[in-house]
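> please find the sequence and the predicted model below.
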Amino acid sequence: MELFPALILLYLDQLSPCFSRYSVVLFEGYVWSSLITNGRKCMSRLASACWFVDRHLSSWERFLADHHWSITELTRRWFSLLVSRLLKLGVPLAELIFVLDTTLVAKVEGSMLGVQRWSAHPGENEAEKKIIGHHWAILGLAVRLKNRYVCFGLLSRLISGHLNPSQWIVDAQGHCRPANFWDAVHPLIWQTLSMTQQGITLVCDAYFAKSGFLNPIVLHNQQSSHRVNVITRMRWDAVCFSLLPPVRKQGQR
């Protein structure tokens, strides 16, 4: 039985330059343990699942915080590998379509940054309308495979809440404020543009049809040739205004 797919080994070989000789072993262990532990991030479970890695548990705990590696460069390489693989499979990628949404991850209430009580999306189970945990913004690449769409997750970012904020924004004058919802969402779009180096189409639900989300994108489209096209639904509380007729100059008919 093939425990580790050969394709993933190929990807790991291409991503290894992002790490040192010491840390690349831990990174490969993270990938392996995520496959066989259903993605659970408990450090003791990750370390125990990697019997082939001769490292103490403290090495796993220091890997994310102390080791020098760039998650931006790692994501860029992963995205390049994904696109090249899809093109070899004959998947049309003339126009890149990305999906943007959020998700709630339940956590034990305590001193962990960002953990607070969040309201679940309307229409879900009545008993789960309030969830204690983290709120994440997620962006993925949507591709059409045969008769269905598949979304490959690319980027995620923790959303800082109001009750237990985990991120802060400091301007050039030194004024500090808690990061809001859009401070976590917009960086996902700008990072995607830096990886693609071309215009993209973004699909999101009606929650994102707000001025706080759309105005920075409109400003970006006015200043850059790499446009961001947004496909969404109109909100139930949206207000429409009729456009004023153009002013005709004197002498025009």
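Alright, I've got the coordinates. Numbering: from 1, shown residues only.
> pull out the buried residues from stretch 221-230.
Across stretch 221-230, burial judged by 16 or more other Cβ atoms under 10 Å covers 228, 230. The C-beta positions use only the backbone N, C-alpha and C, and glycine is treated the same way.
> what does stretch 142-161 give?
143, 151, 154-155, 157-161.
> could you dump that stretch to CSV, C-alpha only?
Coordinates of each C-alpha in stretch 142-161 appear next as CSV, following Å, rounded to 0.1, in the frame of the first residue of the first chain:
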residue,chain,number,x,y,z
ALA,A,142,-11.5,27.4,-8.2
VAL,A,143,-11.0,25.2,-11.2
ARG,A,144,-13.5,23.2,-13.3
LEU,A,145,-12.7,19.5,-13.5
LYS,A,146,-15.1,17.7,-15.8
ASN,A,147,-18.6,18.6,-14.6
ARG,A,148,-17.8,20.1,-11.2
TYR,A,149,-15.8,22.8,-9.6
VAL,A,150,-13.0,22.1,-7.1
CYS,A,151,-11.5,24.7,-4.8
PHE,A,152,-7.8,24.4,-3.8
GLY,A,153,-7.1,26.3,-0.6
LEU,A,154,-4.2,28.8,-0.9
LEU,A,155,-4.3,31.5,1.8
SER,A,156,-5.8,31.9,5.2
ARG,A,157,-5.6,34.7,7.8
LEU,A,158,-6.9,35.0,11.3
ILE,A,159,-9.6,37.6,11.8
SER,A,160,-9.1,39.7,14.9
GLY,A,161,-12.3,40.1,17.0
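> show me the contact partners of that stretch.
With contacts defined as Cβ atoms under 8 Å, 6 or more residues apart in numbering, stretch 142-161 is touched by 75, 78-79, 82, 86, 91-93, 97-99, 102, 114, 116, 118, 134-141, 166-168, 178-181, 183-185, 187-188, 191-192, 203.
> can you turn the buried part of the residues you listed into a ChimeraX selection?
Typed into ChimeraX, the line below selects the buried ones among the contacts of stretch 142-161, using 16+ other Cβ under 10 Å:
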select :75,78,79,82,86,97,98,99,102,114,116,118,134,135,136,137,138,139,140,141,166,167,179,180,181,183,184,185,188,191,192,203
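> quick one: the strands in the protein?
With DSSP state E, the ranges of strands along the chain come out as 97-106, 116-119, 130-145, 148-159, 168-170, 176-178, 200-203, 228-231.
> out of those, which comes closest to Ser34?
strand 148-159 (12.6 Å; Cβ to Cβ).
> now that closest one, how far from the centre of its chain.
6 Å (Cα atoms, centre = their mean, to the nearest Å).
> what mean pLDDT does that strand have?
Strand 148-159 shows a mean pLDDT of 90.
> relative to strand 130-145, how tilted is it?
Computed by axes from the mean of the first three to the mean of the last three Cα atoms, to 10 degrees, the angle separating strand 148-159 from strand 130-145 equals 140 degrees.
> kindly reformat the buried residues of stretch 142-161 as CSV containing distance to Ile231.
Below are the buried residues of stretch 142-161 laid out as CSV (distance: Cβ to Cβ, whole Å):
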residue, distance to Ile231
Val143, 16
Cys151, 14
Leu154, 18
Leu155, 18
Arg157, 21
Leu158, 25
Ile159, 22
Ser160, 27
Gly161, 28
